[in-house]
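Peer 1: Here's my sequence, what's the structure:
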Amino acid sequence: MRQQRRWRCETAGHAGLGLIALALASGTNAVFKTLLPSRPRPEQLSFLRFGPPESGSSSLPSGHSASAAAFATGVALVSPGLGAAVIPVAAGVGYSRVHIGAHWPSDVVLGSALGIGAALLTKKLWPGLQSCPRAD
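Peer 2: Numbers count the residues shown, from 1 in each chain. Model prediction:
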C-alpha cells in the first residue's frame with residue numbers, strides 16, 4: 001500500500017512540475033512575441049515552404065519548442081531516468097518546427113531556452129512538487 005502511494009506521488013510530481021512549467025513557458029512565450037521584433041516565418045518565403053501556412057504571428061520564439069522543453073525539463077528534474085526518455089521527444093518537436101518551415105533554428109533555440117528556464121523557475125518556486133514520502 002505504501003509503495004502504491006509513493007508511485008502515485010512520484011507520478012503526480014513528474015506531471016505536476018512538467019505541466020506547471022509548460023503553463024509558465026506558454027505565458028512567457030506570449031509576452032516575448034509581443035516584445036520582440038516581428039519577423040517572417042520561413043514558410044513565408046515560397047522556396048522554404050514544406051507544409052501548410054502557419055498563423056500570421058511572429059516566428060520568434062517557438063511556442064511549441066518552449067512548451068516541449070518546459071515539460072521535458074520539468075519531468076527530468078523530478079525523474080532523470082524518465083527525463084532521458086522525454087527529452088528526445090522535445091528535441092524532435094523543435095526539429096520538426098524547423099523541418100516544416102514554421103520556424104528558423106534560432107526561434108527553436110530561444111523557445112527551448114524559455115521552456116528550460118520556466119521549468120527551473122517552477123522547481124525553485126514550488127519545491128514541494130518533488131517531495132514524496134520515502135518507501136521503507
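Peer 1: Only C-alpha atoms from now on, for both contacts and neighbour counts.
Peer 2: Fine.
Peer 1: May I have the residues that are in contact with Thr122?
Peer 2: For Thr122, the contact set (CA atoms under 8 Å, 6 or more residues apart in numbering) comprises Leu17, Ile20, Ala21, Leu24.
Peer 1: So for the helix or strand encompassing the last one, mean pLDDT?
Peer 2: With elements taken from DSSP states H and E, the one containing Leu24 is helix 2-35. Averaging pLDDT along helix 2-35 gives 68.
Peer 1: Tell me the first helix or strand C-terminal of the worst-scoring helix or strand of the chain on mean pLDDT.
Peer 2: Lowest by mean pLDDT, DSSP states H and E among the helices and strands of the chain is helix 2-35, with a mean of 68. Downstream of helix 2-35, the first helix or strand assigned by DSSP H and E is helix 63-78.
Peer 1: which strands and helices sit next to that next one?
Peer 2: Judged by 3 or more CA pairs under 8 Å, 6 or more residues apart in numbering; DSSP states H and E, the packing partners of helix 63-78 are helix 2-35, helix 80-99, helix 105-125.
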